[in-house]
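Peer 1: I'll drop the sequence and a predicted model, then ask my questions.
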Amino acid sequence: MAVVIRDDILQSVEKPARYTGGELNSVVKDPFKVDIRFAFCFPDVYEVGMSHLGMRILYGLLNERDDTYCERVFAPWTDMEARMRENRIQLFSLETRCPVGEFDMVGFTLQYEMSYTNILNMLDLAGIPLRRTDRLKGMPFVCAGGPCAYNPEPLADFVDFFMLGEGEEIINEVLNEYRQWKKDNASREDFLDRIAGIEGVYVPGFYRPEYNDDGTLKAVRPIEDKYPAKIRKRIIRDLDSVYFPEKVIVPYIDIVHNRIMLELFRGCTRGCRFCQAGYIYRPVRERTPERLMELADKLQESSGYGEISLTSLSTSDYSGLPELTSGLIEEMEPRMVNLSLPSLRIDSFSLDLLEKVQKVRKSGLTFAPEAGTQRLRDIINKGVTEEDLLNSVGMAFRGGWSGVKLYFMIGLPYETTEDVEGIAELGTKVVDEFFRIPKEQRARGLEVTISTSSFVPKPFTPFQWEAQDSMETLREKQGLLRDRIRGRHLKYNWHDPELSMLEAVFSRGDRRLGGVLQRAWERGCRFDSWGEHFKFDEWMQAFADCGIDPAFYANRKRDEDEVFPWDHIDVGVSRKHLLRERRRAENGEVTPNCMTSCVGCGASVFGQGICTDYTGGGEPGRGSGGEPAKREAVSGEKSRHENTRGDGTLAEDAGGQAVRCKDANGKAAQRGEPHRTEDGKPAGSIRIRFERGEAVKFLSHLDLMKVFERAVRRSGLPVSYSKGFNPHPRMVLGLPLAVGMTSECEHADFQTGAEIEPQEFMRKLNDSLPDGIRVTAAAVNDSGKNIMAMVCRADYILEVFTDEVLTYDDASRGLETMLKRGSIMVEKETRGKRRKTTAKEVDIRPMILAAEIEEIKTMPPGYEVFKSAFLIKTDLKAGSKANLSPVLFIKTLAEQWGVPVAAVRVHRKALYVDTGSGIADPMDRSSLM
């Protein structure tokens, strides 16, 4: 049964559209006609979770199955959690608002250790027992995957099973077993026993940790011989043939990555010794440019996004990048779609790309040298030299950039004071590089931002044996940098050492941390990665309550033969290779990129990707004598990848680099140039009327503008665009509707660049709009005025609910008394210059043109808790000259009643414009001439 959430609850929380669903391309199925209901849970807020590519992939993949309905669930923000607990609302899915506890499976993606308390909080809100041993038959199975699942032990008490590796194949195999198990009506343990044999599935209940007397781990052993001693991750062997969504959900509100994401390849060949992703995603496997072009076309057509981002761990290492970017630029330019290159390395292709500097938006660039000296960069195998970094920033400065961010780590193994000081010195050298350029040849407003994070030793890296610096040591290093990073062009940001310490604890922790995690959650910890909600003291008390010292996990250097909590997990990269890399780090030796020389890491066991291109007579990727084998680079591009030590990393902040393109004739296109008729003038204007229903009533005015912008892109309508690097359709929406209100009379004006019949315009736009918005009328607007400037009045229907008993006679008498007053002085908020809000006393009586009241005798679902309810019809002044919001009207009426209003539902019934000769409907001929 669907959860009912009243409007007053959603209106009381930040960003209510996080909880409403109904977005374009979200999947609608009948939940009673499927065998399996899967709740895909992201343990963070909507804006973060909806930006996650893995969720986009698996959501689409599971919903391709006829027997499965996958729905989305996100962690409610603290304000929404409070209202849910207060009103006894269980955690629910977005698609059907079904309680999560009624699903067959509840799956969490583990992207960051500091989201673990959110997992417990979501289980509790769903009414699911936290510990797997407390779950009974009929309750959902709780599963998890993602990069943090490679050390599953800290969550082993709470998760029924983990899926390790890339999920496209493994999750289908698990669901196939579940469908049969459900038919057999067997026990929970029987299902777990069935899937324990699937490669990549880890069932923690079938494994028992053993400890030494000194507290270190002795082993994690299967309780029976039939269960594998090691669980190997799963990988997808052919990215071209594996599922990738051709439609993605388009959120109504802004999210972190609000654009199309094209995954070029998986894996990385760089071998940075601190980077877990660079090891656990091996080997590298690529999609072909042809497949990526096909996906880009379908995704843009189905979403209407104005930006495509090329994503991978190191985008510029993609062998087909020149071909792909050229093709995308040619294809997407006519659609007013930007191409975003979030990560570039300064190799020959990057230089060629930056030659087109006049076609690139000059947003801030990000370089990641990671360490302040060459000695330490060699130790971590970063492959970046100071000389190449300065050459890179110099090239960027000469190309017109003036904002640069430099990312570093502090607390790296073998770090000295000189290495830390080198961070500040490198920042100063970047500033000097800017001022070496003649004043007339450089941009204005230089800002160099230095950011440091704290090193966290991660599983399956050569530094997994190393200790993390104590919090005190990290603070000292941050203090040194604060003192050294001076000057008006330099800015310093740093990460919280307390948060980094906890990340290290759970990165390298074992099953004993489950009690700490639960205790921290009980003490109010959640959203730990959000600074305003991080409660370090509560965490420390949780450790104390459980008798566990966090330094045992974070700050202790491991012996080389010590057993790790993840040693029963096999990612392909061998322990022998990691130890070899650790010793090379001790000696300051650089390991080459495996694009040019196989380093024998062990990932060749998968027999895929670059590991299949080798020489020598031994196993794939190794010479006949067992030593790493040299080989040619993929696609024969040896020159691109040789001598890449010092190959600087260039990336754009947040939005990526939006590359302006050429038109079909090869001429530099004028971005944002509107469609025009042959005489060069805009063709005209179309006015529409549209309904705004329940599904979209919690959108802000700005969110609604973006919905229409994407709909215009999807529709292919000949709407004119603004000029500039970020062109937008030329449109004006009428009087903004407050969040939480519905309407049957919204209006918008569109500038068109070609002749089009209004009915055709309406049809195409309706075909591209999401549920909840429907165009009901369209006409040519020859008035020369936009709708916003003409609005003068609006009719509203208000449903008003009170917690106290108020009779109809008293309510009617109160309204009558208020209308008889000669003036009604109230404080009204107004927004002046620089968008500053001020309170001003105004007389609203002249703005109330009419009002009548009647009693609501049957309460809407969810509103039965209220004592009284009334329906009020009003005619209020609206527009730029005089505007009375229905909310202020109700507030004033409640004061007249002497009874507070607990909830209000508002519907706009009609809108009127001043034509100069009278008042008319915006779609009347007199309004359009």
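Peer 2: Nice, thanks for sending it over.

Peer 1: Can you pull the domain assignment for the chain?
Peer 2: The chain is divided into the following domains under automatic domain parsing: 7-232, 260-512+548-596+648-652, 672-781, 790-928.

Peer 1: Which one of those lies nearest to Phe534?
Peer 2: Counting by CB to CB, Phe534 lies closest to domain 260-512+548-596+648-652 out of the domains of the chain; the figure is 6.3 Å. The C-beta positions use only the backbone N, C-alpha and C, and glycine is treated the same way.

Peer 1: ok now the closest one, how far from the chain's centre?
Peer 2: Centroid separation between domain 260-512+548-596+648-652 and its chain, computed with CA atoms, centre = their mean, to the nearest Å, is 19 Å.

Peer 1: rewinding a little: could I get the domains of the chain as CSV with distance to Asp537 and mean neighbour count?
Peer 2: Below are those laid out as CSV (distance: least, CB to CB, whole Å; neighbours: other CB atoms under 10 Å):
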stretch, distance to Asp537, mean neighbour count
domain 7-232, 15, 19
domain 260-512+548-596+648-652, 10, 19
domain 672-781, 36, 19
domain 790-928, 36, 16
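
Peer 1: Export the ones you listed as CSV, with columns for distance to Cys525.
Peer 2: Shown next, in CSV, are these (distance: least, CB to CB, whole Å):
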stretch, distance to Cys525
domain 7-232, 5
domain 260-512+548-596+648-652, 10
domain 672-781, 29
domain 790-928, 31
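
Peer 1: what's the closest of the ones you listed to His533?
Peer 2: domain 7-232 (6.6 Å).

Peer 1: That closest one: end-to-end distance?
Peer 2: One end of domain 7-232 to the other measures 48 Å (CA to CA, to the nearest Å).

Peer 1: ok so, going back, what about the domains of the chain, which gets the closest to Gln518?
Peer 2: Gln518 lies closest, by CB to CB, to one member of the domains of the chain: domain 7-232, at 6.3 Å.

Peer 1: Average pLDDT for the closest one, rounded please.
Peer 2: In this model, domain 7-232 has a mean pLDDT of 97.

Peer 1: buried residues in stretch 512-523?
Peer 2: Neighbour counts over stretch 512-523 (16 or more other CB atoms under 10 Å) mark 512-521 as buried.

Peer 1: will you turn the residues you listed into a markdown table that also has pLDDT?
Peer 2: As requested, the buried residues of stretch 512-523 are arranged in a markdown table below (pLDDT from 0 to 100):
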| residue | pLDDT |
| --- | --- |
| Arg512 | 98 |
| Leu513 | 99 |
| Gly514 | 98 |
| Gly515 | 98 |
| Val516 | 99 |
| Leu517 | 99 |
| Gln518 | 99 |
| Arg519 | 99 |
| Ala520 | 98 |
| Trp521 | 99 |
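
Peer 1: and which of those residues is nearest to Glu864?
Peer 2: Comparing these against Glu864 with CB to CB picks out Trp521 as the nearest, at 33.1 Å.

Peer 1: Next one: the closest one from Glu538, what distance?
Peer 2: To Glu538, Trp521 is 10 Å away according to CB to CB, to the nearest Å.

Peer 1: Give me the mean pLDDT for the longest strand seen in the chain.
Peer 2: Taking DSSP state E as the criterion, the chain has its longest strand at strand 901-914. Taken as a whole, strand 901-914 has an average pLDDT of 97.

Peer 1: And for stretch 531-541?
Peer 2: 97.

Peer 1: Can I get it as PDB, trimmed to CA atoms?
Peer 2: C-alpha atoms of stretch 531-541 as PDB (Å, rounded to 0.1, in the frame of the first residue of the first chain):
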ATOM      1  CA  GLY A 531      30.200  18.800   7.700                       C
ATOM      2  CA  GLU A 532      27.200  20.300   9.500                       C
ATOM      3  CA  HIS A 533      26.000  16.900  10.600                       C
ATOM      4  CA  PHE A 534      29.400  15.300  11.500                       C
ATOM      5  CA  LYS A 535      29.400  14.400  15.200                       C
ATOM      6  CA  PHE A 536      33.000  13.400  16.000                       C
ATOM      7  CA  ASP A 537      32.500  13.300  19.800                       C
ATOM      8  CA  GLU A 538      29.600  10.900  19.400                       C
ATOM      9  CA  TRP A 539      31.700   8.700  17.300                       C
ATOM     10  CA  MET A 540      34.500   8.700  19.900                       C
ATOM     11  CA  GLN A 541      31.900   7.800  22.600                       C
END
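
Peer 1: All set, thanks.
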